[in-house]
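S.K.: have a look at this prediction, sequence included:
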Amino acid sequence: MQSPSKYCETSARRQTMLRSAFRGAVAAALDADDVIEVLANPDGSIWIERTGVGLMREIETLNADARERIIRLVANSVGERCDRANPVVSAELPGSGERFEGLLPPVSEAPCFAIRKPAAAPFTLDDYVMSGALAPAVADALRSLLAARANIVIAGGTSSGKTTFTNALLAEPAFADERVVLLEDTRELKCAAKNAVALRTHGDHASLSRLVRSTMRLRPDRIIVGEVRGPEALDLLKAWNTGHPGGVTTLHANSAEGALSRLEQLAAEATGAPPQRLIADAVDVIVFMSRRDGVRRVEEALRVIGVDGDAYECAPLCELKIVTELKGETHEGG
């Protein structure tokens, strides 16, 4: 077993090797504050997304050997195998924490990878309003609902800005004096709470479902899940609905109402039947994010009122007369 000093030395050497493998346009993009995502395709092309600019192709290319070396170095740095039998690498870049996804043949026809960078300076709700990505009335309503301990689902497609918007919510004063437990696959969430516990999945022994159940014994005031994508949705809904309101999660969906159907599908993986009543009781608000021409914005915000037969009853967040009420309560609001 390596001594702590030897382990640190080995880790530092791996980080140095990896950073040296990132060169040219990729290295510059990783150092730039305005870069959101770096993509290296199987054909060698490099695509970089910058804030307010969108996805643009670089003149420079990256050959297959260089792409494969990067993928193998990332895998090595986190202790993962990387070969034809294990051609997918999902990890955080050591030292800096960017989310990395690398694929080798036979999954892809040639090595390719994607790097998602966390925001250099986290956005706030006011930043979204100032940029025109969020209506002021919706921002005010969300602040009131956070204070009222509403459960909020942030939905949208890939790279629509769900995690960034979640961080904007977590920066609100409503979380400051709460005990907040954050669960995610890779560390992307940041919370203003002084009493915060961040947990990360680890293989089959620490899945999101397992972590949600463990979290119940950690005395959380609020439970935040980076993204639900499987049967853990049922565990989270139950937790939200049994004494732990005020949570936030994200999921992939094509619309605000589509998020409810998606939750049904995920929860049904664990229970065999879509728990509509549980979803309607547990979820208070759905915020739908979209990305158009590189600009991420809040496209729609709905309150979930209940369920009538097989249909959910929803209403636009800011057209409700009372926006700060939770189900079964009445608090006047704007």
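M.R.: Ah, there it is.

S.K.: can you tell me how far residue 90 is from residue 186?
M.R.: Distance, residue 90 to residue 186, by Cβ to Cβ, to the nearest Å: 8 Å. C-beta: built from backbone N, CA, C; applies to glycine.

S.K.: neighbour count: the two, which is higher?
M.R.: Remark: of residue 90 and residue 186, residue 186 carries more neighbours, 20 against 15, as counted by other Cβ atoms under 10 Å.

S.K.: just checking, the more buried one touches residue 98?
M.R.: No: using Cβ atoms under 8 Å, residue 186 makes no contact with residue 98, being 9.1 Å away.

S.K.: could I get the average pLDDT for whichever strand in the chain runs longest?
M.R.: The longest strand of the chain (DSSP state E) is strand 295-308. Averaging pLDDT along strand 295-308 yields 92.

S.K.: stretch 129-137 too?
M.R.: Average pLDDT, stretch 129-137: 93.

S.K.: name the element the residue nearest to residue 27 when sequence neighbours are not counted belongs to?
M.R.: Nearest residue to residue 27, sequence neighbours excluded (Cβ to Cβ, 6 or more residues apart in numbering): residue 19, at 7.6 Å. Assigned by DSSP states H and E, residue 19 falls within helix 4-21.

S.K.: tell me the mean pLDDT for stretch 218-233?
M.R.: Regarding stretch 218-233, the rounded mean pLDDT is 92.

S.K.: ok, then the element right after the helix-or-strand element of the chain with minimal mean pLDDT?
M.R.: Every helix and strand of the chain was ranked by mean pLDDT, DSSP states H and E. The lowest is helix 4-21, at a mean of 63. Following helix 4-21 in sequence order, the next helix or strand is helix 24-31 (DSSP H and E).

S.K.: next SSE downstream of that next one?
M.R.: As assigned by DSSP H and E, the chain's next helix or strand after helix 24-31 is strand 35-40.

S.K.: helices of the stretch 51-200 of the chain, residue ranges please.
M.R.: Using DSSP state H, counting those that start in this stretch, the helices of the stretch 51-200 of the chain run over 64-77, 125-130, 136-147, 162-170.

S.K.: relative to residue 106, which of those helices is closest?
M.R.: Smallest distance to residue 106 across the helices of the stretch 51-200 of the chain (Cβ to Cβ): 13.5 Å, for helix 64-77.

S.K.: quick one, what contacts the one residue sitting closest to the centre of the chain?
M.R.: Central residue of the chain (Cα atoms, centre = their mean): residue 163, 3.9 Å from the mean position. If you count contacts by Cβ atoms under 8 Å, 6 or more residues apart in numbering, residue 163 has them with 188-189, 226-227, 250.

S.K.: re earlier: anything in contact with each of residue 186 and residue 98?
M.R.: Counting by Cβ under 8 Å, 6+ apart, the common neighbours of residue 186 and residue 98 are residue 92.

S.K.: ok, residues contacting stretch 28-40?
M.R.: If you take Cβ under 8 Å, 6+ apart as the criterion, stretch 28-40 is touched by 22, 26, 46-53, 55, 62, 67, 70, 96, 98, 111-117, 119-121, 159.
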